[in-house]
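Asks: sequence below, structure please.
(4 chains)
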2 protein chains.
Amino acid sequence: MSEHATERAASLGARPVSHAIFRVARLHKALAGRLLRETGLHPGQELVLMALWDQGPQRQVDLVEAVDSDAPTMARSISRMEKAGLVRRSPSPTDGRAVIVEATEASLALRDKVDGAWAELERLTTTGLGTAQQSEILAGLALLESVLSKAGD
Amino acid sequence: MSEHATERAASLGARPVSHAIFRVARLHKALAGRLLRETGLHPGQELVLMALWDQGPQRQVDLVEAVDSDAPTMARSISRMEKAGLVRRSPSPTDGRAVIVEATEASLALRDKVDGAWAELERLTTTGLGTAQQSEILAGLALLESVLSKAGD
DNA sequence: GTCTATTCCTTGTCCGGATAACTTTTCTCA
DNA sequence: TGAGAAAAGTTATCCGGACAAGGAATAGAC
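Replies: Sure thing, here's the model as predicted:
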């Protein structure tokens, strides 16, 4: 019937790297979400807090850069975190366009939990992997990252 | 100031595998979305259509399994695709609970574009990688997948 | 045969991610 | 200096992903 039957029969299984990335990312994100649940944070928010804890108050656009997000997502997320008392917003004294975001004292109570969750995530992710395998995987991921970011031009 | 400064100063950079997975997944998904744009589909919908094209009409729960999604997401996605004329729903003749989903003839017009987009995605993902590097990366991802799915218990 | 447990699906809610459209402010440079 | 380009945020609209709750039908146990 179809003159492309042989190519098509394999279409769901024949994109090995792409599908593997999909599945690993999904599992990894789910695991991160589960570990983070006890902190009450949603995946992504902890990255914002970690950036604020580490680098101090900064503009939203800096946070976007730090966690590799985008402006609308960050604006919304910051609003929610502000409402939750995790974060404070104030106008930049030197740039009328910018908003300075800082972590509240209340957010510090989460710091140990967040650090623990991330450590646990990394532990679970690399459990059973030798250091050689780990660096191999890391090198592979770095390679993929550079290839993909070049492809995104 | 902080008695944990040394540990904490590295908190954004010291989870190499986890962060690498995050970044690769993000780039990969963005690339997939861009390639898919010309089909008018949103990322995820093409997986549903590919499953229907390849395996024929099936229940929603089978589609959930095929694309590794979940029931609520699938229900909503199918509804949208039904509204868009890509998919048809009918009650199962043998199971009163189940719904049989099938691809419409109209959806077939997208098949070549979708196949092309996925081929291009894989090509861009693996461009510049030797076959040895490819299998190395694939093995690494498979390893991560098995570790992560075991951790998700 | 009935009562319970399971399965399949749906709806509602909340979240992040992406795009587009827009406002306000700053920067650039001719 | 003054016009236009660029940057920072916001809001809107979609989308998929996750969770909770619930209805309806089937399957299983007794």
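Asks: ok, which stretches of chain A are strands?
Replies: A:58-59, A:87-91, A:99-103 (DSSP state E).
Asks: most tightly packed of those?
Replies: strand A:99-103 (a mean of 18; mean count of other C-beta atoms under 10 Å in any protein chain shown). Using the backbone N, CA and C atoms, a C-beta is placed for each residue, glycine as well.
Asks: identify the residues contacting the most centrally placed residue in chain A.
Replies: Geometric centre of chain A, nearest residue: A:Gly44, 5.5 Å, by C-alpha atoms, centre = their mean. Applying C-beta atoms under 8 Å, 6 or more residues apart in numbering or on different chains to A:Gly44 gives the contacts A:Val67, A:Ser69, A:Ser77.
Asks: could you do A:Val64 as well?
Replies: A:Asp70, A:Ala71, A:Met74.
Asks: what's the separation between the residue nearest to the first one when sequence neighbours are not counted and A:Gly33?
Replies: Spatially, and ignoring its direct neighbours in sequence, A:Asp70 is nearest to A:Val64 (6.2 Å; C-beta to C-beta, 6 or more residues apart in numbering or on different chains). Distance check for A:Val64 against A:Gly33: by C-beta to C-beta, to the nearest Å, it reads 21 Å.
Asks: repeat for A:Leu86
Replies: Where A:Gly33 is concerned, A:Leu86 sits at a distance of 18 Å (C-beta to C-beta).
Asks: ditto for A:Ile78
Replies: Distance of A:Ile78 to A:Gly33, given as C-beta to C-beta: 20 Å.
Asks: higher neighbour count, these two?
Replies: A:Ile78 (20 against 13; other C-beta atoms under 10 Å in any protein chain shown).
Asks: pLDDT score for the one residue in chain A that gets nearest to DNA strand C?
Replies: As assessed by C-beta to the nearest atom of the strand, DNA strand C sits closest to A:Gly96 within chain A, at 2.4 Å. Per-residue confidence (pLDDT) for A:Gly96: 96.
Asks: now A:Ala5
Replies: 41.
Asks: test my guess that A:Thr125 contacts B:Ser18.
Replies: Yes. Counting by C-beta atoms under 8 Å, A:Thr125 touches B:Ser18, with 5.7 Å between them.
Asks: these two: which has the busier surroundings?
Replies: A:Thr125 (25 against 20).
Asks: which ones are touching the nearest residue to the more buried one once chain neighbours are set aside?
Replies: Leaving aside its chain neighbours, A:Thr125 sits nearest to B:Val17 (5.2 Å; criterion: C-beta to C-beta, 6+ apart). Counting by C-beta under 8 Å, 6+ apart, B:Val17 touches A:Glu122, A:Thr125, A:Thr126, A:Gln134, A:Ile137, A:Leu138, A:Leu141, B:Leu144.
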